[in-house]
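In: sequence first, then the predicted structure:
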Amino acid sequence: MSREVLVEVRYAALQGESWPEGHRADRAHEVDLAVELVMASGAVLAFDWAMDGLNEGLAIELRGHGEQGARPMGEAVDVSNHVEWARFLGKTITDITPVWHVPNEGCVEMPWSFRLDFCNSSSVVIALGESKGGGFTYMPDSLVVIFEESMAAAYKIPASSTSSLG
């Protein structure tokens, strides 16, 4: 990922749907299936929820140009022109920080959130969850993209000692 420039952002929506179509779309976005960050090289950094029995986590996958993901991802919706993504386009990712949780008793520790830091000192958080009131609640089969540091710091879940910000 070193020196990769972000050029496009896609959200995977449920088959036959679009985005935002009933989803939160202000300082945080709700996403059904996956977030795909497309780099200038054509590589794709994809985040999607993953469940295997009681194991619940946020999967991260780096795909080369033209490679298909590990599983089908619904309808790809280009959200690159959305105002919240403007400060990240054309910038490089400098660090990716996972935030861990133990989803259920007897399960292994798994990531539930990732903070992506960019070269312009901005960051964005992608986490498991959904919007609830002005904040968020844990949901293992839904994603939130949080653009404000204070909102990400306030989002905490019982299974983790760390906020979604890390």
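Out: Thanks, I have it.
In: which stretches of this structure form helices?
Out: Secondary structure of the chain (DSSP state H): helices at 149-154.
In: how about low-confidence regions in it?
Out: 1-2, 22, 24-25, 69-73 (pLDDT under 70).
In: how about the contacts made by the residue lying farthest from the centre of it?
Out: Farthest-out residue of the chain from its mean C-alpha position, per C-alpha atoms, centre = their mean: Gly106, at 25.6 Å. Shown in contact with Gly106 (C-beta atoms under 8 Å, 6 or more residues apart in numbering): Leu54. For glycine as for every other residue, the C-beta is placed from the backbone atoms N, C-alpha and C.
In: Leu54 versus that one, what's the distance?
Out: Separation of Gly106 from Leu54 (C-beta to C-beta, to the nearest Å): 7 Å.
In: do Arg27 as well
Out: 32 Å.
In: out of those two, which sits in the more crowded spot?
Out: Arg27 (14 against 11; other C-beta atoms under 10 Å).
In: touching, that one and Glu84? I think so.
Out: Yes: counting by C-beta atoms under 8 Å, Arg27 touches Glu84, with 7.0 Å between them.
In: common neighbours of these two, please.
Out: Phe147.
In: okay, which residue is most central for this protein?
Out: Ile126 (3.0 Å).
In: tell me, how many residues neighbour the closest residue to it other than its chain neighbours?
Out: Closest residue to Ile126 apart from its sequence neighbours, by C-beta to C-beta, 6 or more residues apart in numbering: Phe47 at 4.8 Å. For Phe47, the count of nearby residues is 25 (other C-beta under 10 Å).
In: touching, Phe47 and Val35? I think so.
Out: Yes: between Phe47 and Val35 a contact is recorded at 4.7 Å, counting by C-beta under 8 Å.
In: in stretch 40-49, which residues are buried?
Out: 43-49 (16 or more other C-beta atoms under 10 Å).
In: now the strands for the chain?
Out: Secondary structure of the chain (DSSP state E): strands at 6-13, 28-31, 34-39, 44-52, 55-63, 75-78, 93-101, 110-118, 123-128, 130-132, 135-137, 143-146.
In: mind checking which of those strands is nearest Glu21?
Out: Among the strands of the chain, strand 6-13 comes nearest to Glu21, with 7.1 Å by C-beta to C-beta.
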